[in-house]
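My questions are about this predicted structure, shown below with the sequence.
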Number of protein chains: 2
Amino acid sequence: MPGLSAQKFPFDGNSLLGGLPAADLERLLTYARTKRYRQNETIFLKDAPGSSMMAVTSGYVRITAPSPDGKDVTLNVIGPGEVFGEIALIDGKPRTADAVALTDCQLLVLERRDFIPFLRERPDICIRLLTIVCERLRRTSAQVEDVLFLDIGGRLARTLLYLASIHGQRASDGVRIGIRLSQREIASMAGSSRETVNRQLQAWQREGLLRIDDAAIVLRDEKALRRLADGL
Amino acid sequence: MPGLSAQKFPFDGNSLLGGLPAADLERLLTYARTKRYRQNETIFLKDAPGSSMMAVTSGYVRITAPSPDGKDVTLNVIGPGEVFGEIALIDGKPRTADAVALTDCQLLVLERRDFIPFLRERPDICIRLLTIVCERLRRTSAQVEDVLFLDIGGRLARTLLYLASIHGQRASDGVRIGIRLSQREIASMAGSSRETVNRQLQAWQREGLLRIDDAAIVLRDEKALRRLADGL
DNA sequence: CCCTGCATGTGAGCCGCATCACAGCCGGTT
DNA sequence: AACCGGCTGTGATGCGGCTCACATGCAGGG
């Protein structure tokens, strides 16, 4: 399979496929298809049957939950080196959320029928997959707590810190959030409304906690934000 | 190990340990300790280091998340045949929630150092554990959606239907919820306040959707509750 | 038996935040 | 140009549900 070599993918030691012996990785890639999506293109929808897992090789994917009345909440943003859709791959049931390309992106698609046999003979990979799913579970549990215990201020602070932790770039006066997100999208991540997010951001800007710089947010006082994220 | 035989435990085909060849189960039980807890006794606390997983052989366990200001939310109720604490067993990190005995109960405790080697040589068990963790993840994701999309009416309806689905007993005029829970505990499951839950239950009783019968709830109109649980 | 504690039932008030409703801006289209 | 759709920024309004406050009833303990 020309062009698919282990070195070309951004899979580091923490990811499912990273740190694998090159031979194994090559073998897995033999089964994988690559697929490209344009910004805002739908990758899959909740409740659809699905038996594949995706690994992001470039770009970003938004995982969202649709609400009965048309709005939706962003549960996660998946970047290069990470996988998503692993639940349906493992248990073969319908997808639990929508996946939409946040930017143009390229994915590696692994099918259940190829992957499960691979798992059967490679318990170490299986255990690694277990730890990845556990990590997800930790994050999702934390989200339940966030929504129940924090006001939107706290949730927004968490969202910003999370975004900074995965896409932070050092700036002159703080950490700049690397991906371009509209306030509507940020609100959808924090589980709030666009207007409320806007007001909160403005207030924090006035207080000097952050700076809104041409549609990118620069966190200037991470300490204070962290306090807010912990419920004061 | 006297007294520990496979037949004595209520592990059916869906649970981790159910459906195992008796020889495997016997071997696992060789490593396991059994432990008893009294009602309201703490089994473990969030953030504590923990490397064991528990399987419930009798009684019920409440999994709760503590809030910064002393309240807490009940994330799950674990009954006979089910396991909990598997996250820390798998990844070795601190516990993600508190576990408290809801009733007197008896647990089987499996240690990481015993279980991981077992997993390494038994990929089928490993895959089964994967599906269990996935099931948890599905439920937890659904909880995030519930909290974000549903009002307390909807959440309470869901809580009642969930309780009925795991502990329902047919009654003359509907399904009776089998475990005794105070309204405060129900509120903690629905992520609401005791007062609000009380008012909602009263209203539904007036409308004939359910009946409160000596501290047990009988669902009389599941269809209507299901509609409410789906956001009307 | 009274007292203390905990569960239930209900009213009143208050506040966070979603919603509605605009206004100004920018970038792309025709 | 004029136009449209998306984004941002802000005020006004309304309501769900949390909190407080208090009454009642039941169980256990001295």
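Sure thing, it's come through.

wait, does stretch A:41-60 contact chain B?
No: applying C-beta under 8 Å from any C-beta of the partner chain, one finds stretch A:41-60 separated from chain B by no less than 9.7 Å. Using the backbone N, CA and C atoms, a C-beta is placed for each residue, glycine as well.

what is the rounded mean pLDDT of that stretch?
Per-region confidence: stretch A:41-60 scores 94 on mean pLDDT.

can you check stretch A:176-187 too?
93.

Which strand or helix spans A:Thr159?
Using DSSP states H and E, A:Thr159 sits within helix A:152-167.

Who does the helix or strand following that helix pair with, and is each partner parallel or antiparallel?
On the C-terminal side of helix A:152-167, the nearest following helix or strand under DSSP H and E is strand A:168-171. Paired neighbours of strand A:168-171 in the sheet (DSSP bridges): strand A:174-177 (antiparallel).

Please give the number of neighbouring residues around the closest residue to DNA strand C within chain A.
For chain A and DNA strand C, the shortest gap (C-beta to the nearest atom of the strand) falls at A:Asp151, measuring 2.9 Å. Using other C-beta atoms under 10 Å in any protein chain shown, A:Asp151 has 12 other residues around it.

Now do it against DNA strand D, distance only.
Separation of A:Asp151 from DNA strand D (C-beta to the nearest atom of the strand, to the nearest Å): 11 Å.

still on that earlier bit, for the helix holding A:Thr159, packing partners?
Applying 3 or more C-beta pairs under 8 Å, 6 or more residues apart in numbering or on different chains; DSSP states H and E, we find helix A:152-167 packed against helix A:123-149, strand A:174-177, helix A:183-190, helix A:194-206, strand A:216-219, helix A:222-229.

Go again with 7 Å.
strand A:174-177, helix A:183-190, helix A:194-206, strand A:216-219, helix A:222-229 (3 or more C-beta pairs under 7 Å, 6 or more residues apart in numbering or on different chains; DSSP states H and E).

Out of these, which gets nearest to A:Met53?
helix A:183-190 (22.9 Å; C-beta to C-beta).

quick one: that closest one near DNA strand D?
Yes: counting by C-beta under 7 Å from any atom of the strand, DNA strand D has neighbours in helix A:183-190: A:183-184.

Mind telling me what element A:Thr103 is part of?
Per DSSP H and E, there is no helix or strand for A:Thr103.

What is the neighbour count of the residue of chain A found nearest DNA strand D?
Among the residues of chain A, A:Gln183 lies closest to DNA strand D, at 3.2 Å counting by C-beta to the nearest atom of the strand. Using other C-beta under 10 Å, A:Gln183 is surrounded by 17 other residues.

separation between it and A:Ala203?
A:Gln183 sits 14 Å away from A:Ala203, going by C-beta to C-beta, to the nearest Å.

cool, and A:Thr64?
27 Å.

Who has more neighbours out of those two?
For A:Thr64 and A:Ala203, the more surrounded residue by other C-beta under 10 Å is A:Thr64, and the numbers stand at 23 against 11.

who does whatever helix or strand the more buried one lives in pair up with?
In the assignment (DSSP H and E), A:Thr64 maps to strand A:61-66. As defined by DSSP bridges, the strand partners of strand A:61-66 come to strand A:72-78 (antiparallel), strand A:98-101 (antiparallel).

May I see these organised as JSON lines, with mean pLDDT and mean neighbour count added?
Formatted as JSON lines, the strands paired with strand A:61-66 follow (pLDDT from 0 to 100; neighbours: other C-beta atoms under 10 Å in any protein chain shown):
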{"stretch": "strand A:72-78", "mean pLDDT": "94", "mean neighbour count": "21"}
{"stretch": "strand A:98-101", "mean pLDDT": "95", "mean neighbour count": "21"}
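
what about chain A, any weak spots by pLDDT?
For chain A, applying pLDDT under 70 flags the ranges A:1-21.

Point out the residues in it that sit beside chain B.
A:65, A:67-68, A:73, A:75, A:87, A:90-91, A:96-97, A:119-120, A:123, A:126-127, A:129-131, A:133-134, A:136-138, A:140-141, A:143-145, A:147-149, A:191, A:230-231 (C-beta under 7 Å from any C-beta of the partner chain).

rerun that using 6 Å as the cut-off
Within chain A, the residues that sit near chain B (C-beta under 6 Å from any C-beta of the partner chain) are A:65, A:67-68, A:73, A:87, A:90-91, A:96, A:120, A:123, A:126, A:130-131, A:133-134, A:136-138, A:140-141, A:143-145, A:147-149, A:191, A:231.

ok, of those residues, which come out buried?
Buried residues within the residues of chain A next to chain B, counting neighbours by 16 or more other C-beta atoms under 10 Å in any protein chain shown: A:65, A:73, A:87, A:90-91, A:96, A:123, A:126, A:130-131, A:133-134, A:136-138, A:140-141, A:143-145, A:147-149, A:191.
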